[in-house]
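Asker: okay, sequence plus prediction incoming.
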Amino acid sequence: MTTQEPIGANPVDLDDPAKAAETQLVVNSAVATLWSGPNRAREKDRPSLLAAADMRAWTGSMDVEEKLWLVGKLETQVLYGKPVKLVAADGDWAQVFVPGQPTSRSDQGYPGWMPLRQLAECGGSVSLATCPEAVVSSPTAFLYADKEGTVPFMEISFNTRLPVVREERDMYVVQTPANGEKSVRKSEAVVRNVSGRLSKPSGEQLVSAGKSFLGLPYLWAGMSGFGFDCSGFTHTLYDFFGILIPRDASDQAKSGLRVDREKLRPGDLLFFASNRGKGKVHHVGMYAGGGRMLHSPSSDRSIEIIPLDTPSYSQEFAGARRYIPE
């Protein structure tokens, strides 16, 4: 729930298209959902289209059939403060690329359409290029309008990254994209240095982070702690630890180091394909150790851990990849 509408202090000006294309634009909503085209949303999707998207109202209002309607209509999601590249506009909609989500579809980043009202020109005097970053480490966390943490401003997602301005007793004071300084609890974020360099994570760390989402309902194109699809889940877990992998399962299956099934380690990615594993890759999970898989399965289920030899999956197993550097 968002308790205060973002101010939109730096709105996007499209009167000069050339200037708009050169402007550094960032997402100014907790989560921006990208569609395959403009004006394709239903009335049911209105909470996700607000300047301050209400993700809980949106995901909580849909039954399985309504979630299945989204399949093929949504592309991906982008978190608060993430940069996007503006390509074009159609009324209230912006066509963008997401540089931080690698895809074989474009060398500019993941493509899609999002509400123009959820974008802002990057503001503030600090950035991730010059300051340490606070990275949300809990499934979701609140930003607060005060340093005491008594006035909620916005609920944001796991892996949201914001520049740290200073520290208070129990809070990190961070710079938001267009709404000044806000605070996040230290217990719900980790601070990483400006260099962005991290020690190599273990597979067990990846799996442990993923387990915090057990029971979270699946969301097609989901990339946040409010709902993941299968590859959005694996991409986000790796990204949290500073390892950038492709956005989609079909691309993830072509990257990394191939691993034989008998040599699997926790954190390895497992791929599943049609035609008994010989066709198109359509699903990805993470090896959790002990012959089990952690994954976000489908619109009628939630994130779970299951045996890797579950028949509906074992018969479609198409290989495994390792992304943790040796």
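Answerer: Yep, it's here.
Asker: every contact and neighbour count from this point should use C-alpha atoms.
Answerer: Noted.
Asker: how near is residue 164 to residue 303?
Answerer: Residue 164 is 31 Å from residue 303, where distance means CA to CA, to the nearest Å.
Asker: who has more neighbours out of these two?
Answerer: residue 164 (28 against 24; other CA atoms under 10 Å).
Asker: okay, and the closest residue in space to the more buried one that isn't next to it in sequence sits in which element?
Answerer: Distances taken as CA to CA, 6 or more residues apart in numbering put residue 174 closest to residue 164, at 4.4 Å, once the chain neighbours are dropped. For residue 174, the host element (DSSP states H and E) is strand 171-175.
Asker: cool, residue 94 as well?
Answerer: strand 93-98.
Asker: quick check: mean pLDDT of that strand?
Answerer: The pLDDT scores in strand 93-98 average 97.
Asker: secondary structure class for residue 312?
Answerer: helix (DSSP: H, G, I helix; E, B strand; the rest coil).
Asker: so in this protein, which helix runs the longest?
Answerer: Criterion DSSP state H: the longest helix present in the chain is helix 230-240.
Asker: list of residues touching that helix?
Answerer: Under the contact criterion CA atoms under 8 Å, 6 or more residues apart in numbering, helix 230-240 has outside partners 76, 135, 159, 206, 209-210, 218, 221-224, 244-249, 269, 283-286, 295-298.
Asker: returning to that earlier point: contacts for the helix or strand just after the strand holding residue 174 next, please.
Answerer: Note on strand 171-175: by DSSP H and E, the next helix or strand toward the C-terminus is strand 181-185. Residues outside strand 181-185 that contact it (CA under 8 Å, 6+ apart): 141-147, 149, 153, 165, 170-176.
Asker: how about the helices in the stretch 51-200 of the chain?
Answerer: 55-61, 64-68 (DSSP state H, counting those that start in this stretch).
Asker: can you redo those as a markdown table with distance to residue 97, mean pLDDT and mean neighbour count?
Answerer: A markdown table is the format used below for the helices of the stretch 51-200 of the chain (distance: least, CA to CA, whole Å; pLDDT from 0 to 100; neighbours: other CA atoms under 10 Å):
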| stretch | distance to residue 97 | mean pLDDT | mean neighbour count |
| --- | --- | --- | --- |
| helix 55-61 | 22 | 97 | 17 |
| helix 64-68 | 24 | 98 | 14 |
